[in-house]
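**Q** Mind looking at a prediction? Sequence and model below.
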Amino acid sequence: FQELMAQLKKALAENRLEARLKHFSKYKVLIIDEVGYLPIDVDTANIFFQLISKRYEKHSTIITTNMPFSSWTEVFGSARIANAILDRLLHHSHVISIKGPSYRLKSKMKYFNSSSNTSS
């Protein structure tokens, strides 16, 4: 997410935003990972809205996040922008919610649990 938004903000500064939005809008599937992990400013939220709007009802967009939808107002800094983005993302969508411990830490937790048992 952060890298994508940096590219789009750079394009905005270079007066090429429309061309970059068009570029990212043409992909049949666009996967945007880690939305909401880091705070974003209003300009970034507006650019993200523009990207989602361009793709809306044309191509598939997959979003990964650990933020509940109820927290998206905080992520995007505006209830208006968050609601507009969610409106487009959730219409015609399939939401998959994964609960439980982190898969990435699964094997490491076994290591920490076993090493703490052996040091006693």
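**A** Ah, there it is.
**Q** ok, now how distant is Arg55 from Lys106?
**A** Distance of Arg55 to Lys106, computed by Cβ to Cβ, to the nearest Å: 33 Å. Heads up, the C-betas are built off the backbone N, CA and C, glycines and all.
**Q** out of those two, which sits in the more crowded spot?
**A** With neighbours defined as other Cβ atoms under 10 Å, Arg55 and Lys106 compare such that Arg55 has more, 20 against 10.
**Q** And the more buried one, what's its pLDDT?
**A** Note on Arg55: pLDDT of 97.
**Q** and the nearest residue to Pro101 once chain neighbours are set aside, what element?
**A** Closest residue to Pro101 apart from its sequence neighbours, by Cβ to Cβ, 6 or more residues apart in numbering: Met109 at 7.1 Å. Here Met109 sits within helix 103-118, counting by DSSP states H and E.
**Q** quick one: average pLDDT of that helix?
**A** On average, the pLDDT along helix 103-118 is 67.
**Q** sorry, back to before: tell me how many other residues crowd the residue nearest to Pro101.
**A** Using other Cβ under 10 Å, Met109 is surrounded by 11 other residues.
**Q** do Arg80 as well
**A** Other residues lying near Arg80 total 12 when counted by other Cβ under 10 Å.
**Q** OK, contacts around it?
**A** Taking Cβ atoms under 8 Å, 6 or more residues apart in numbering, we find Arg80 in contact with no residue.
**Q** What does the pLDDT read for it?
**A** Looking at Arg80, its pLDDT is 96.
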